[in-house]
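S.K.: Sequence first, then the predicted structure, then my questions.
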Amino acid sequence: MIPVDVNIMGQPYRLVCKEGEERALREAASLLDKKMTTIRDTGKVKGNDRIAVMAALSMAAEFLTAKAPAGPLSDVSLLEVQQKIAAMQRVLDSALTPQEALF
């Protein structure tokens, strides 16, 4: 295993991967960094954990659409995907708000 240092939203991470997979890991980290930074910069989502969840949902939707053109999101436009993600964000906000008040 080979150590690979990456930065995601300004935070350093040391990851490991198999030899020959360093470039793919760096590209994946770069994509994640861009997604998370874009979400953070909109100002609509607060907290790194929520930003990470929204980025993961966005990337998963993109992956499912690309992987299976006849998959669950094949007949959904980008706008509809964004609306579905926004709806998920509202659910997360309402579910997490009471827990945050305890801390």
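M.R.: Yep, it's here. Numbering: from 1, shown residues only.

S.K.: can you pull the pLDDT of L57?
M.R.: pLDDT recorded at L57 is 88.

S.K.: Also E22?
M.R.: 93.

S.K.: Report whether the expected contact of it with D5 is present.
M.R.: No: using C-beta atoms under 8 Å, E22 is not in contact with D5, being 10.4 Å away. No exception for glycine: its C-beta is placed from N, CA and C like everyone else's.

S.K.: which one of those two has more residues nearby?
M.R.: Applying other C-beta atoms under 10 Å to E22 and D5 shows that E22 carries more neighbours, namely 15 against 10.

S.K.: what's the next secondary structure element after whatever helix or strand A24 lives in?
M.R.: According to DSSP states H and E, A24 maps onto helix 22-42. Next in sequence after helix 22-42, counting helices and strands by DSSP H and E, comes helix 48-67.

S.K.: residues of that next one that come out buried?
M.R.: For helix 48-67, burial by neighbour count (16 or more other C-beta atoms under 10 Å) applies to 50-55, 57-58, 61, 64-65.

S.K.: relative to helix 22-42, how tilted is that helix?
M.R.: Calculated by axes from the mean of the first three to the mean of the last three C-alpha atoms, to 10 degrees, helix 48-67 forms an angle of 120 degrees with helix 22-42.

S.K.: just checking, what packs against helix 48-67?
M.R.: helix 22-42, helix 78-101 (3 or more C-beta pairs under 8 Å, 6 or more residues apart in numbering; DSSP states H and E).

S.K.: That'll do, ta.
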